[in-house]
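*Asks:* model this:
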Amino acid sequence: MPGQVLVAAAGRITVTTELADGTIKLFRLDDPKVGLYVPPHAWHTMQYSHSAVQLVMASANYSEEDYIRKYEDFKRIWSPNK
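*Replies:* Numbering: from 1, shown residues only. Alright, predicted model coming up:
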């Protein structure tokens, strides 16, 4: 799973991240000069303003197999209390 940098090229994007240890943080992206690094193994959700355009830079080519789509699977796989 690659790390990613998210940028709001236009509009506003609210990003909520959760690390495997349960740390949750909220970020507001609204400046195209500012990016947010999302590390591998971090769950993240995004909310977009009507005019939002997102740019994503990843450390590897896209592969569907690299992504976990269900939150329950994320918790099961990456929970430190397995």
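*Asks:* Let's verify residue 57: helix, strand, or coil?
*Replies:* For residue 57, the assignment made with DSSP: H, G, I helix; E, B strand; the rest coil gives strand.
*Asks:* lowest average confidence, helix or strand, in this structure?
*Replies:* Lowest by mean pLDDT, DSSP states H and E among the helices and strands of the chain is helix 71-78, with a mean of 87.
*Asks:* where does the protein have low pLDDT?
*Replies:* Within the chain, the ranges that satisfy pLDDT under 70 run 1, 82.
*Asks:* just the strands in it please.
*Replies:* 4-10, 13-18, 24-29, 35-38, 43-48, 53-58 (DSSP state E).
*Asks:* any chance of these in CSV, with distance to residue 76 too?
*Replies:* All C-beta spots, glycine's among them, are computed from the backbone N, C-alpha and C. Putting the strands of the chain into CSV (distance: least, Cβ to Cβ, whole Å) gives the following:
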stretch, distance to residue 76
strand 4-10, 22
strand 13-18, 14
strand 24-29, 18
strand 35-38, 20
strand 43-48, 12
strand 53-58, 24
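*Asks:* Now these in a markdown table, please, with extra columns for mean neighbour count and distance to residue 81.
*Replies:* A markdown table is the format used below for the strands of the chain (neighbours: other Cβ atoms under 10 Å; distance: least, Cβ to Cβ, whole Å):
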| stretch | mean neighbour count | distance to residue 81 |
| --- | --- | --- |
| strand 4-10 | 17 | 26 |
| strand 13-18 | 17 | 14 |
| strand 24-29 | 13 | 16 |
| strand 35-38 | 16 | 23 |
| strand 43-48 | 14 | 16 |
| strand 53-58 | 13 | 29 |
